[in-house]
Structure formats: structure tokens, C-alpha cells
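Enquirer: Below are the sequence and a predicted model for it; my questions follow.
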Amino acid sequence: MIGALWHICFVANSFVFPIYAQYDKKYKISRMEFVILYVLSHRDNLMAWEICRMTGLPKNNISRGVNKLETRKLITRTPDPADARRALLTITAQGKALFDELIVSYVDRAETCLSPLDKKDRKDLERIMTKLALATPSVA
């Protein structure tokens, strides 16, 4: 079974490293910043620790990404009405427009990576990977 996990890592790295290198070169967006934009494009008004919990990524990396995205006006940080010590993160219209542009190349790359699989294989892969993701304990 270790071989299967090795293959998952290999395929994942083959997918993500080129796409994130492209984002960095063309848009000056890091992997962490893309992940934050991705999460906030699906759910607004999250706190940074919630993004950490959802992604399994370290707090310091998410914090740096949040600061950079806020500086570029791609997200906003507003005080939580329930507790002013906490900040809620929201993607801006500019951030959403950039995300919409980035996701096109992401989807194209995913399609290329998944091209050897037929419809049934893709459905099976989705089911299995979802099962693994839901069963994987958080490292945070």
C-alpha cells in the first residue's frame, strides 16, 4: 500500500509544482495565496485558523499569504462583529476576478493529468480520494 501512496504524492507533485510555478511567474501568486483565494472563493467570512483547519496548512504560511493578499487588495480583513479581536476574511471583486483567471489553467492542467482515465475511472478516483480525505486526521 505504501506504493499507492507514493504514486498519489508523485502525481500530486507532478500536477501542482508546474501550475504553481506558472502562477508565481505570471501573477506573483504563491501556492499558499492560491489556496486562500480558492477557499475564500467558495466561502466568505472565514478566519485564518479556519482556512488552516480546512487545508491542513500551517498557520504561519496562511498568515503570510493573508497579509500579501490583503496588501494586493485581493482579500479584505474585517473585525468579527462577535469578537473584535478576530478578523473575517473575504475575497474582493479583484481577487475573485484573478481567481477566475487562475482556475482556468488549473482546470486545464487537471484535465491533462486525468486524461488517461475514462469516466468510470474518474468517478472511482473521486470516490476513493474523497474517502481518504475525509478519513485523514488533521495535522493542525
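Expert: The structure has been received and is ready for your questions.

Enquirer: Please name every helix or strand in contact with the longest helix that the chain contains.
Expert: Across the chain, the longest stretch assigned as helix under DSSP state H is helix 2-27. In terms of contacts (3 or more Cβ pairs under 8 Å, 6 or more residues apart in numbering; DSSP states H and E), helix 2-27 is packed against helix 31-42, helix 93-114. Just so you know, the C-beta spots here come from the backbone N, C-alpha and C atoms, and that holds for glycine as well.

Enquirer: what separates that helix from the chain centre, distance-wise?
Expert: Centre-to-centre, helix 2-27 and its host chain are 13 Å apart (Cα atoms, centre = their mean, to the nearest Å).

Enquirer: The helices and strands packed on helix 2-27: which one's closest to residue 76?
Expert: Residue 76 lies closest to helix 93-114 among the helices and strands packed on helix 2-27, at 8.7 Å (Cβ to Cβ).

Enquirer: Quick one: work out the angle between the next helix or strand after that closest one and helix 93-114.
Expert: Tracing the chain C-terminally past helix 93-114 and defining elements by DSSP states H and E, one meets helix 119-135 next. Angle, helix 119-135 to helix 93-114, by axes from the mean of the first three to the mean of the last three Cα atoms, to 10 degrees: 120 degrees.

Enquirer: hang on, the earlier thing: dump the helices and strands packed on helix 2-27 to CSV, plus distance to residue 122 and mean pLDDT.
Expert: Output for these, formatted as CSV (distance: least, Cβ to Cβ, whole Å; pLDDT from 0 to 100):
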stretch, distance to residue 122, mean pLDDT
helix 31-42, 20, 96
helix 93-114, 6, 95
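
Enquirer: most neighbours per residue, which of those?
Expert: helix 31-42 (a mean of 20; mean count of other Cβ atoms under 10 Å).

Enquirer: Show me what that one is packed against.
Expert: Under the contact definition 3+ Cβ pairs under 8 Å, 6+ apart, helix 31-42 sits against helix 2-27, helix 48-55, helix 59-71, strand 75-80, strand 83-91, helix 93-114.
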